[in-house]
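[1] what shape does this take:
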Amino acid sequence: MQRGSSELDYVLVPLGLAVMVGYHLWLLLRIRRRPETTVIGINAINRRIWVRHIMKDPSGKHAVLAVQTLRNTIMASTVLASVAITLSSLVAALMASGAAHGLFSAGSGASSSATIVVGAGGETALTIKFFAVLVCFLVAFLLNVQSIRYYSHTGLLVNVPLGAHRRPARAIGYVTGTLNRGFYFWSLGVRAYYFSCPVFLWLFGPIPMCASCVAMVVVLYFLDVYTEWDKEDGAGDGEEADGGRGMNNNMAAVCSVV
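    Predicted coordinates:
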């Protein structure tokens, strides 16, 4: 019976990982091909517009807006990075002390009948599970640190007036790319937090881990996909037509950056 339960890890865990990885590969292709139908792509388009708006007049209210916006983003990444390294230290301490081994380990003599774990629960399996959780939090920490790095670069670059550049269009594209990379790293850091939830539930067995992967993919689909942005309004006046052409140009620029 224990052997059959342990074999569930070899089936359900790869299945859950395949669902998560497959969804994100699909999302990546959708962002590159149809960015206007994803939240990440739409945000990248609007960030390019925001950078152009700030760099046209990087003084007065625009300068305050840029400082406040970038300060908020740096603060968000700093909080996530701090939480990630704190949780990493906690998980490492649990691994070193072995305090959680008695709770999550299956087949430990008399307590095996009352175990809450279905699947592999030996000392080696438990170490692997805790190490997977630790890797998720460490990756989240590193990704958020990288996002802070790009936000810091953007804080300087976005305050340079366009008139000081010989090629303003390239300057806007470079600053937009720097800002977008910061947000991409931040998004990946948040995804690492998301991914840590199924990995943590793996401590209770492969069944809750696989079920949480499927449920998370369903939730992420509704959070990542937005199909109303590229629909026509039907007005047809000249100003909106020009706005539509500008939006298409922004989409092309985002595709080249992503």
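
[2] name the element Ser59 belongs to?
    With elements delineated by DSSP states H and E, Ser59 resides in a region that no helix or strand encompasses.

[3] that's a helix at Asn203, yeah?
    One thing to correct before we go on: residue 203 is Leu, not Asn. Yes: with DSSP: H, G, I helix; E, B strand; the rest coil as the criterion, Leu203 is assigned to a helix.

[4] wait, it sits on Ile128?
    No: in this structure, Leu203 is not within contact of Ile128 by C-beta atoms under 8 Å, at 10.5 Å. Where you see a C-beta, it was placed from the backbone N, CA and C, and this is true even at glycine.

[5] the nearest residue to Gly16 once chain neighbours are set aside - how many residues pack around it?
    Once its chain neighbours are removed from consideration, Gly16 has its nearest residue in Cys213; the separation is 3.5 Å (C-beta to C-beta, 6 or more residues apart in numbering). Neighbouring residues of Cys213 were enumerated by other C-beta atoms under 10 Å; the total is 26.

[6] also the one 3 residues further on?
    Met216 is flanked by 18 other residues according to other C-beta under 10 Å.

[7] residues in contact with stretch 144-153: which ones?
    By C-beta atoms under 8 Å, 6 or more residues apart in numbering, the residues outside stretch 144-153 that reach it are 70, 73-74, 77-78, 80-81, 84, 178-179, 181-186, 189.

[8] how about Val225, phi and psi?
    Main-chain dihedrals, Val225, degrees, to the nearest 10: phi -110, psi 130.

[9] that one contacts Thr37, doesn't it?
    Yes: taking C-beta under 8 Å as the definition, Val225 is a contact partner of Thr37 at 6.5 Å.

[10] need the overlap of contacts for those two.
    Each of Arg30 lies in contact with both Val225 and Thr37 under the rule C-beta under 8 Å, 6+ apart.

[11] okay, the two: which has more neighbours?
    Thr37 (17 against 13).

[12] nearest spatial neighbour of that one, skipping sequence neighbours?
    The shortest distance from Thr37 to any residue other than its chain neighbours is 5.2 Å, reached at Thr227 (C-beta to C-beta, 6+ apart).
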